[in-house]
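**Q** Sequence first, predicted model second:
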Amino acid sequence: MKHLKTAVFSFAALLASTALAGEIKPYDQAGFKSLTISGKPVVIAVHAPWCGTCKIQEPIQAALMKKPEYKDVTLMTVDFDSQKDVLKKFKVTTQSTIVVFKNAKEVARSVGDTNAGSIEAAIRKAI
């Protein structure tokens, strides 16, 4: 019984921490449209697997999305090499680009930034 209580408590803690975190998921047009139409904050993060700057940005973005203040933000990832139609839609010309939307309008854009503070400042504009 003790192990069951521990397992239930651990699961409840996991659910609570997940509810306080923003979501990170791959970009899809229908999801983006649904989120922006409903007024939800969205961050588009364009990455490439070979990009050194992107490799620095990704853990920064992941850490930020775990903060309670970004629990309503959805970060959608875009692959620079394979999603050229999405790059065109958002007028992105290079990997390591972050585009921030609030109320379906672009409110911030960052290119090549690896500073956690300025990345957070851009994402904060979504809320």
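**A** Looks like it arrived, so ask away. Numbers count the residues shown, from 1 in each chain.
**Q** Just give me the neighbour total for Lys55.
**A** Using other C-beta atoms under 10 Å, Lys55 has 14 other residues around it. In short, each C-beta sits where N, CA and C put it, glycine included.
**Q** can you offset everything so residue one is 16?
**A** New numbering, starting at 16: the last item is Lys70.
**Q** mind checking which helix or strand the residue positioned nearest the centre of the chain is in?
**A** Centroid check for the chain by C-alpha atoms, centre = their mean gives Leu90 as the closest residue, at 1.9 Å. Element membership of Leu90, judged by DSSP states H and E, is strand 89-94.
**Q** Who are the packing partners of that strand?
**A** Applying 3 or more C-beta pairs under 8 Å, 6 or more residues apart in numbering; DSSP states H and E, one finds that strand 89-94 contacts strand 38-41, helix 44-52, strand 57-62.
**Q** Pairing partners for it, with directions?
**A** strand 38-41 (parallel), strand 57-62 (parallel) (DSSP bridges).
**Q** Which residues are in contact with Glu38?
**A** Residues near Glu38 by C-beta atoms under 8 Å, 6 or more residues apart in numbering: Met80, Val88, Thr89, Leu90.
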